[in-house]
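> any chance you can model this:
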Amino acid sequence: MTSRAIMCHKEWTLQPDREPDAEPATYAMQCAVCGKTSPPGADFAEPQSWVFAHGGRNPSHHTYREIITRPWRAWWKP
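Predicted coordinates:
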């Protein structure tokens, strides 16, 4: 018995998922000094408030990273 492989080339497309049922984009901030991270939120105001509170409790923590989680979708063109 021999086996055969059938190969088919497909052209894929990748783009941000903007469908009505897509997950929302979320935003968070991470302190670059201690590594603590805000809870993610769909509105950037929530992580921004966390930065101000965290910086108030830790006066030497001045640098932060923005973490954006954006849903993407991939599909192949027939």
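
> look at the residue most central in space within the chain and report its pLDDT.
Nearest to the mean C-alpha position of the chain, counting by C-alpha atoms, centre = their mean, stands Thr69 at 1.4 Å. Looking at Thr69, its pLDDT stands at 97.

> show me what contacts the nearest residue to it once chain neighbours are set aside?
In space, and not counting its chain neighbours, Thr69 is closest to Thr26: 4.7 Å by C-beta to C-beta, 6 or more residues apart in numbering. The way it works is simple: take the backbone N, C-alpha and C, and place the C-beta from them, glycine included. If you count contacts by C-beta atoms under 8 Å, 6 or more residues apart in numbering, Thr26 has them with 40-42, 68-69.

> the residue nearest to the centre of the chain contacts Ala22, doesn't it?
No. Assessed by C-beta atoms under 8 Å, Thr69 is found out of contact with Ala22, at 11.9 Å.

> distance from the helix or strand containing Trp50 to the middle of the chain?
According to DSSP states H and E, Trp50 maps onto helix 45-57. How far helix 45-57 lies from its chain's middle: 19 Å, per C-alpha atoms, centre = their mean, to the nearest Å.

> so what does the next helix or strand after that helix touch, helix or strand wise?
With elements assigned by DSSP H and E, the helix or strand that comes after helix 45-57 is strand 64-69. Using 3 or more C-beta pairs under 8 Å, 6 or more residues apart in numbering; DSSP states H and E, the elements in contact with strand 64-69 are strand 26-31.

> can you give me the angle the strand it packs on makes with helix 45-57?
10 degrees (axes from the mean of the first three to the mean of the last three C-alpha atoms, to 10 degrees).

> what angle do strand 26-31 and strand 64-69 make?
Going by the same axes, to 10 degrees, strand 26-31 makes 150 degrees with strand 64-69.
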